[in-house]
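Asks: just to be clear, the model below is a prediction. Sequence and coordinates:
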Amino acid sequence: MNYKNIIRLNLSNPALFGIKNNIIGYERLVKKNHTVSMNVGRFSMPKFDPFVDDSVELQRNYKDRGFNFSIDYRFYLLRENKFDAPRGLYIGPYYAYNYLQRENKWTLAFSSFNGELISELSLNMHLVGVQLGYQFVFWKRLTLDVVFMGPGLWFFDMKTTKSHDLGPEDSESFYEELNNQLKEKFPGYNYVIDGEEVRRSGSFRSGAFGYRYLVNLGFRF
């Protein structure tokens, strides 16, 4: 019997970005060797590490609002696969979008401001590319979907707002700490985001070469 549907759970995003990333997916056979796949869920980054010095302290409480959406069209290669789709080697285009809005509370002791400051960071990430993957099937129903090659283009837009204005030097010091926190918690941060620009303004917009890697555990029906 050839099962045309798969529901699945993303295993790689929680491993890379933390357990708050919960993404579910659905794949449907639309032609003999063609499928459409969609995924939705929550996107988050691990919480920042507490940092204390004479002028900057990051408080432990924070708020996250974020989501993930992706879609791809898969061509299962008939000459390479002895089983019917959705099973075996596939190739096809994909689009992925991640949005994150994070609010943090800081205690600052600067010359231009002394007290509590709230920062809000918003991050939009678009990734478009082509992927190569393989979907394994075990015991007729259990699936393991692995995208092991997914080159593409990232498009980033990051903005930071603050509840209080800071002087130029103090503002740069604050953004320096924010940049360091992002660098530690965001895999591949140094390759796609200009740290110098973040340190100057707390914001950044750019495009860069990207890569998609996924592991999904699923069930056929």
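Replies: Thanks, I have it. Only a predicted model underlies this, so the values are computations on that prediction, with no experimental measurement involved. Numbering: from 1, shown residues only.
Asks: what mean pLDDT does the helix or strand where E57 lies get?
Replies: When secondary structure is defined by DSSP states H and E, E57 falls within strand 56-76. In this model, strand 56-76 has an average pLDDT of 89.
Asks: and it, how far out from the chain middle?
Replies: 5 Å (CA atoms, centre = their mean, to the nearest Å).
Asks: try stretch 130-140
Replies: Relative to its parent chain, stretch 130-140 has a centroid offset of 22 Å by CA atoms, centre = their mean.
Asks: got it, and stretch 8-24?
Replies: Distance of stretch 8-24 from its chain centroid, counting by CA atoms, centre = their mean, is 10 Å.
Asks: sec struct for S112, please.
Replies: What DSSP: H, G, I helix; E, B strand; the rest coil gives for S112 is coil.
Asks: surely it touches K162?
Replies: No - using CB atoms under 8 Å, S112 and K162 do not qualify as a contacting pair, with a distance of 11.6 Å. Just so you know, the C-beta spots here come from the backbone N, C-alpha and C atoms, and that holds for glycine as well.
Asks: strands of the protein, start to end?
Replies: Using DSSP state E, the strands found in the chain span residues 5-10, 23-29, 34-41, 56-76, 88-109, 114-138, 142-149, 151-162, 204-211, 214-220.
Asks: between these, which gets nearest to E177?
Replies: Comparing those against E177 with CB to CB, the closest turns out to be strand 56-76 (5.4 Å).
Asks: enumerate every residue touching the residue most central in space within the chain.
Replies: Centroid-nearest residue in the chain, with CA atoms, centre = their mean: N98, separated by 5.4 Å. The neighbourhood of N98, defined by CB atoms under 8 Å, 6 or more residues apart in numbering, consists of F43, G66, F67, N68, L123, N124, M125.
Asks: centroid-wise, who is the farthest residue in the protein?
Replies: S111 (36.6 Å).
Asks: contact partners for the nearest residue to F110 once chain neighbours are set aside?
Replies: For F110, ignoring the flanking residues on the chain, the nearest one in space by CB to CB, 6 or more residues apart in numbering is D170 at 3.9 Å. Listed by CB under 8 Å, 6+ apart, the contact set of D170 reads L108, F110, S111, S112, F113.
Asks: so N10 is in contact with I24, correct?
Replies: Yes - between N10 and I24 there is a contact under CB under 8 Å: 7.3 Å.
Asks: low pLDDT regions in the protein?
Replies: 1, 51-52, 188, 190-196 (pLDDT under 70).
Asks: now do the contacts for the nearest residue to L132 once chain neighbours are set aside.
Replies: Excluding the flanking residues, the one nearest L132 by CB to CB, 6+ apart is M149, at 4.2 Å. By CB under 8 Å, 6+ apart, M149 lies in contact with Q131, L132, G133.
Asks: mind putting those residues into JSON lines with distance to E177 and neighbour count?
Replies: What follows is those, written out as JSON lines (distance: CB to CB, whole Å; neighbours: other CB atoms under 10 Å):
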{"residue": "Q131", "distance to E177": "36", "neighbour count": "21"}
{"residue": "L132", "distance to E177": "40", "neighbour count": "15"}
{"residue": "G133", "distance to E177": "39", "neighbour count": "23"}
